[in-house]
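> Sharing a model prediction with you, sequence too.
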Amino acid sequence: MRHACLILKPGHDRPVRRHHPWIFSGAVAELEGRIEDGEIVDVYSSEREWLARGYLNRRSQIIVRLLTWNPEEAIDESFWERRIDRALAARHLLGLDQITDAYRLVYAENDWIPGLIVDRYGDFLVIQSLTLGIERRKELLVRILAERCHPTGIYERSDLDVRAKEGLPPADGVRHGEMPPERIVIREHGHLFRVDIRHGQKTGFYLDQRENRRRVAPYLAGARVLNAFSYTGAFAVYALAAGAESVVNLDTSAEALAEAAINLQLNGFPASRFENIEGDAFRVLRQFRASGRRFQAVILDPPKFAFAQAHLERAARGYKDINLQALHLIEPGGILVTFSCSGLVSADLFQKIVFAAAEDAGREVQILERLGQAPDHPVRLSFPEGEYLKGLICRVW
Ligand code: SAH
């Protein structure tokens with residue numbers, strides 16, 4: 001099948017040859033042939049050498065997302081089946097079923113399916129379609145997922161801002177099978193969590209933190225823990241299960257805190273072991289300092305602060321401030337667990353930010369462990385943008 005041709009400007013072929021999946025509109029010399037946005041286009045170097053094939057969207061700054069570097073590979077139904085099968089096989093190889101029944105099945109570009117996210121929660125799948133190219137093929141992709149995974153239902157949560165850049169409105173709803181119940185109870189490392197896949201944050205749960213919750217837990221035994229940016233209390237459940245004395249959950253979301261209380265009770269922890277505080281962490285941590293309230297461990301898992309390069313400096317100030325406030329509250333010998341999920345903040349920069357906070361706080365800090373995203377959120381080597389979550393477990397003196 002002959003596709004429209006996109007010719008790159010001279011000197012813009014190198015990332016494509018290295019299998020980076022994005023072509024920015026600024027790299028394009030010309031687009032030959034009639035083609036609708038969302039359809040397949042062949043990409044050529046300025047010397048007219050065939051390089052790769054992907055789907056087009058002229059409305060997006062990322063004008064093409066590449067799907068294959070093999071000129072013989074057609075983008076037909078069996079292409080999408082092969083890609084989904086590879087993603088499913090990769091999850092199977094992780095042996096996740098022993099650990100949890102909630103994990104990411106498809107992580108977009110990192111699984112060579114740009115624009116598609118699929119998470120599994122028990123018998124339900126949640127999909128997020130982030131691009132026009134995926135939107136156009138959504139029915140097919142849902143059918144393939146239904147055939148392969150036999151879920152009770154597939155629910156769409158395409159309510160992300162990035163869709164606007166593709167000219168797409170938000171979209172939510174049942175795409176296959178049954179409507180998910182209001183709460184699905186999932187298990188993770190032997191703990192139970194209620195997840196609201198229709199209205200919860202992201203697709204309902206922070207699956208990317210699964211291994212970090214497990215690795216942090218042993219450091220919290222016996223500690224009075226502050227779990228700042230707690231969401232539905234996942235770190236709190238792990239902390240109490242590992243023998244923490246008590247946990248304070250802190251979040252701006254009253255709904256998330258209400259769920260945290262239920263999750264803690266669901267796992268057998270009495271209300272005397274935890275406290276929920278609704279408020280802005282930047283403000284509440286300052287109040288704790290002023291009132292002399294101290295902790296033996298503080299967990300900081302804030303939302304993404306940096307959405308664009310232009311905001312990086314402001315984001316860095318935010319990370320520094322919240323880490324500074326946390327350090328003030330930690331008793332000598334205590335633990336700071338600190339995360340950043342901003343892809344634009346590298347692990348190296350994040351460490352420097354925490355160092356700057358430690359200097360300002362007048363505290364000595366040791367790194368005990370470096371943390372990243374769980375292996376069901378793999379980072380494709382040819383797509384470093386897929387790496388976003390980083391964390392440090394530190395001892396604070
Ligand atoms: N640690 C959680 C995920 C945290 S997500 C887990 O493992 O499940 C970040 C959380 O920070 C969200 O629940 C959001 O409601 C909350 N949040 C955002 N801004 C905040 C602020 N300024 N103060 C306190 N919480 C905030």
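On my side now, so go ahead.

> Could you use CA atoms for every contact and neighbour count after this?
Fine.

> Can you report how many residues neighbour Pro218?
The local packing of Pro218 (other Cα atoms under 10 Å) involves 15 other residues.

> can you pull the contacts of it?
239, 242 (Cα atoms under 8 Å, 6 or more residues apart in numbering).

> Confirm it sits in a helix?
Yes - if the criterion is DSSP: H, G, I helix; E, B strand; the rest coil, then Pro218 is within a helix.

> after the lowest-mean-pLDDT helix or strand in the chain, next one along is what?
Ranked by mean pLDDT, DSSP states H and E, the helix or strand of the chain with the weakest confidence is helix 162-165, at a mean of 93. Remark: after helix 162-165, the chain's next helix or strand is strand 171-177, criterion DSSP states H and E.

> ok, and what's touching the helix or strand that that next one is followed by?
Heading C-terminal from strand 171-177, the first helix or strand you meet, by DSSP H and E, is strand 184-188. Strand 184-188 is contacted from outside by 99-102, 121-122, 192-197, 210, using Cα under 8 Å, 6+ apart.

> go on, stretch 359-377?
Stretch 359-377 has contacts (Cα under 8 Å, 6+ apart) with 91, 94, 103-105, 107, 110, 207-212, 324, 327-328, 355, 358, 387-397.

> filter those residues to the buried ones?
Buried by 16 or more other Cα atoms under 10 Å: 91, 103-105, 107, 110, 207-212, 324, 327-328, 355, 358, 387-397, out of the contacts of stretch 359-377.

> Return only those of those found close to the ligand.
Gln209 (Cα under 6 Å from any ligand atom).

> What about the buried ones among the contacts of stretch 359-377, which are in helices?
Residues of these located in helices (DSSP state H): 91, 210-212, 324, 327-328, 355, 358.

> which ones are touching the closest residue to Gly386 other than its chain neighbours?
Leaving aside its sequence neighbours, Gly386 sits nearest to Val379 (Cα to Cα, 6 or more residues apart in numbering; 5.1 Å). Taking Cα under 8 Å, 6+ apart, we find Val379 in contact with 110, 386-387.

> and the residue nearest the centre of the chain, how far is that from Val354?
The chain has Asp208 as the residue nearest its centroid, 5.7 Å off, counting by Cα atoms, centre = their mean. From Asp208 across to Val354, the span is 21 Å (Cα to Cα, to the nearest Å).

> Next: Pro10.
42 Å.

> May I ask you to confirm that Ala89 belongs to a helix?
Yes - counting by three-state DSSP, Ala89 is found in a helix.

> what's the burial count for it?
Considering only other Cα under 10 Å, Ala89 is surrounded by 12 other residues.

> How about Ile262?
Applying other Cα under 10 Å, we find 18 residues neighbouring Ile262.

> now it, what's its secondary structure?
Put simply, Ile262 is helix when judged by three-state DSSP.

> Settle it for me: which of Pro10 and Val354 has more neighbours?
For the pair Pro10 and Val354, the greater number of neighbours falls to Val354 (23 against 13), based on other Cα under 10 Å.

> The more buried one contacts Asn323, doesn't it?
Yes - using Cα atoms under 8 Å as the test, Val354 is close enough to Asn323 to be in contact (6.4 Å).

> separation between the nearest residue to Arg293 once chain neighbours are set aside and the ligand?
Distance criterion Cα to Cα, 6+ apart; nearest residue to Arg293, sequence neighbours excluded, is Leu329 at 7.0 Å. For Leu329, the distance to the ligand equals 16 Å [Cα to the nearest ligand atom, to the nearest Å].

> contacting residues around Leu329?
Taking Cα under 8 Å, 6+ apart, we find Leu329 in contact with 285, 288-289, 293-295, 298.

> Among the residues you listed, name the buried ones.
285, 288-289, 294-295, 298.

> So in terms of bridging, what pairs with Leu6?
Leu31, Val43 (DSSP bridges).

> Retrieve the pLDDT associated with it.
Leu6 carries a pLDDT value of 98.

> I'd like to know how many residues surround it.
Counted with other Cα under 10 Å, Leu6 comes out at 23.

> Go ahead and confirm it touches Val28.
Yes - with contact defined as Cα under 8 Å, Leu6 reaches Val28; the gap is 7.0 Å.

> quick one, phi psi at the closest residue to the ligand within the stretch 101-250 of the chain?
Closest approach between the stretch 101-250 of the chain and the ligand, counting by Cα to the nearest ligand atom: Tyr231, at 3.4 Å. The phi and psi values for Tyr231, taken as degrees, to the nearest 10, are phi 50, psi -130.

> Could you check the pLDDT of it?
98.

> Burial check on it, number of neighbours?
27.

> Next one: the residue nearest to it when sequence neighbours are not counted relative to the ligand, how far apart?
Excluding the flanking residues, the one nearest Tyr231 by Cα to Cα, 6+ apart is Ala256, at 5.1 Å. Using Cα to the nearest ligand atom, we find Ala256 at a distance of 6 Å from the ligand.

> Tell me the helix or strand right after the helix or strand encompassing Ala256.
Assessed by DSSP H and E, Ala256 sits inside helix 254-266. Once helix 254-266 ends, the next helix or strand along the chain (criterion: DSSP H and E) is strand 274-278.

> Just the C-alpha atoms of that following strand, please, in PDB.
C-alpha atoms of strand 274-278 as PDB (Å, rounded to 0.1, in the frame of the first residue of the first chain):
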ATOM      1  CA  PHE A 274      -3.500   6.900  61.700                       C
ATOM      2  CA  GLU A 275      -4.600  10.500  61.400                       C
ATOM      3  CA  ASN A 276      -5.900  12.200  58.200                       C
ATOM      4  CA  ILE A 277      -5.200  15.900  57.600                       C
ATOM      5  CA  GLU A 278      -6.800  17.700  54.700                       C
END
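
> In the stretch 1-150 of the chain, what residue spans correspond to helices?
14-17, 77-93, 132-135, 138-149 (DSSP state H, counting those that start in this stretch).

> got the angle for the last one vs strand 171-177?
Inter-element angle recorded for helix 138-149 and strand 171-177: 40 degrees (by axes from the mean of the first three to the mean of the last three Cα atoms, to 10 degrees).
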